[in-house]
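**Student:** Coordinates for the following, if possible.
(one chain, ligands or ions: 2)
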Amino acid sequence: MDGNDARATWRNRWTLGILGNDRASRDTTDMAQWLEAGDATAEDLPLSDGEIHFLWWFIQGSIMEPDIRWRLRRAWGMCGRHAWGALSAEAAFYHGFLHGPAVLYVDLMERALGAFQVRGALQVRRLVRRLRATGPCLMCEMGYNAASRGMAREKLVEEGRDTSALRAFAEETRVYWWKTVCGRCIANGASARCRPHLLEEATLGAMRDLTGHHAQVQNIFEHLRVYKQSFVWEYHGTDTAEDRAALISAIGWCSGWLPWIGSIWSTGP
Ligand SMILES: [Zn+2]
Ligand SMILES: [Zn+2]
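**Tutor:** Ligands and ions are numbered 1, 2, ... in the order given. Modelled structure (predicted):
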C-alpha cells in the first residue's frame, strides 16, 4: 500500500466515524500553538469509550500504514495518556501478545539512538533539536480525550480497558524496567530521564554529560530488538524478561512515566 492508498483508507475510516468526529474545530493554528507549547500534557487513565473504540481499529492495521508510521515518528509515539493507554488496550485485546508495539518502539528507539550520535561544542543543542517532537499525538490531534464517546459494544470497551494482561507483563519484568523510570517523573532522585524531561533539562542548560542517557537508550534499544525478533518463528523463546521489560522502558522514555505510575502501576519497585 503506498502513501496515497494509506491516506485514502484513513480518510474513509474517518468518514465512517470509526476514527472520531470531533476534530472539525482543529486547524493549522492549533498545530502551530501545539508546536510552541511542546509535548501534549499527560492525563490519567482509564481511556474513554471513544478512545478504546479508536484503538481497537487502530491496532488491527492502521499502525502499520506508512502515513501513520511517520506521524508516530514525528511525535515520538503518542502523548503519555495515549501511549500507555494504547499499550494497555493492545495487551488486553491480544492477551499480552505485544508484537505491534515492539515493532513500533524498536523503530523509535533506533531513531533515538541515532539522535545521540552528536559530537562537538553544540552537542546538547543538536541533541535537543533531534529529540523534539515535530508533530502532535495523533489521537489528541483527532480530538480524542477522556470525554470521547464511541459506538463500540459495551463488552468490547470493558475488554479493552482491562489492565490485567499488562499488569502481569509488567510484574514479570519489573526489576528491569523499574531501573529506567525517570527520576523527575516520579520525583525519587533517580538519574534516569524520560525524553520530555531530558529535553527540558537540556534546554535549560542543566545537562552537560549525555553519557549515561546515551547508554540507557542503547540498552533499551538492544533488548527491545531481541524481544521484537522473538516474534519470528525460529526465534521463539529467545527473549528474556529483561528484553521484554525494554518495551515498557521505551514507552516511558518516549512519552514519560506519569500515566503508567499513576494509573497502571501503583505498588513501587
Ligand atoms: Zn494524545
Ligand atoms: Zn520524566
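**Student:** W57: how many residues sit nearby?
**Tutor:** Using other C-beta atoms under 10 Å, W57 has 14 other residues around it. C-beta here means a position set from N, CA and C on the backbone, and glycine is covered the same way.
**Student:** Per-residue pLDDT of it, please?
**Tutor:** For W57, the pLDDT comes out at 89.
**Student:** Repeat that for the one 3 residues further on.
**Tutor:** For Q60, the pLDDT comes out at 85.
**Student:** now do M1
**Tutor:** Residue-level confidence at M1 comes out at 37, pLDDT.
**Student:** Begin at 60 from now on, thanks
**Tutor:** Happy to do that; since the first residue is 60 now, the last one works out to M60.
**Student:** Please tell me how far the helix or strand where V216 lies is from the chain's geometric centre.
**Tutor:** Counting by DSSP states H and E, the element that carries V216 is helix 213-220. Taking the mean C-alpha point of helix 213-220 and that of its whole chain, the gap between them comes to 21 Å (C-alpha atoms, centre = their mean, to the nearest Å).
**Student:** what does that helix contact?
**Tutor:** The list of residues contacting helix 213-220 from outside it, by C-beta atoms under 8 Å, 6 or more residues apart in numbering, reads 105-106, 108, 111-112, 114-115, 147-148, 151-152, 209, 211.
**Student:** mind running it again at 6 Å?
**Tutor:** Contacting residues not belonging to helix 213-220 are listed as 105, 108, 111, 148, 151 [C-beta atoms under 6 Å, 6 or more residues apart in numbering].
**Student:** Need the phi and psi values for the third one.
**Tutor:** Comment: the main-chain dihedrals of I111 come out as phi -60, psi -40, following degrees, to the nearest 10.
**Student:** how many neighbours does it have?
**Tutor:** Number of residues near I111 (other C-beta under 10 Å) recorded here: 25.
**Student:** before we move on, the earlier item: can you list the buried residues in the helix holding V216?
**Tutor:** Taking 16 or more other C-beta atoms under 10 Å as the neighbour-count basis, helix 213-220 is seen to contain the buried residues 216, 219-220.
**Student:** Just checking, which helix or strand succeeds that helix along the chain?
**Tutor:** Tracing the chain past helix 213-220, the next element assigned as helix or strand by DSSP H and E is helix 223-236.
**Student:** Show me what that following helix packs onto, helices and strands only.
**Tutor:** helix 139-152, helix 300-314 (3 or more C-beta pairs under 6 Å, 6 or more residues apart in numbering; DSSP states H and E).
**Student:** Which one, of the ones you listed, ends up nearest to ligand 2?
**Tutor:** With respect to ligand 2, and counting by C-beta to the ion, the nearest of these is helix 300-314 at 7.9 Å.
**Student:** between the contacts of helix 213-220, which has the most around it?
**Tutor:** When neighbours are taken as other C-beta under 10 Å, the top entry among the contacts of helix 213-220 is A148 (29 neighbours).
**Student:** was I right about that residue contacting L114?
**Tutor:** Yes: taking contacts as C-beta atoms under 6 Å, A148 lies within contact range of L114: 4.3 Å.
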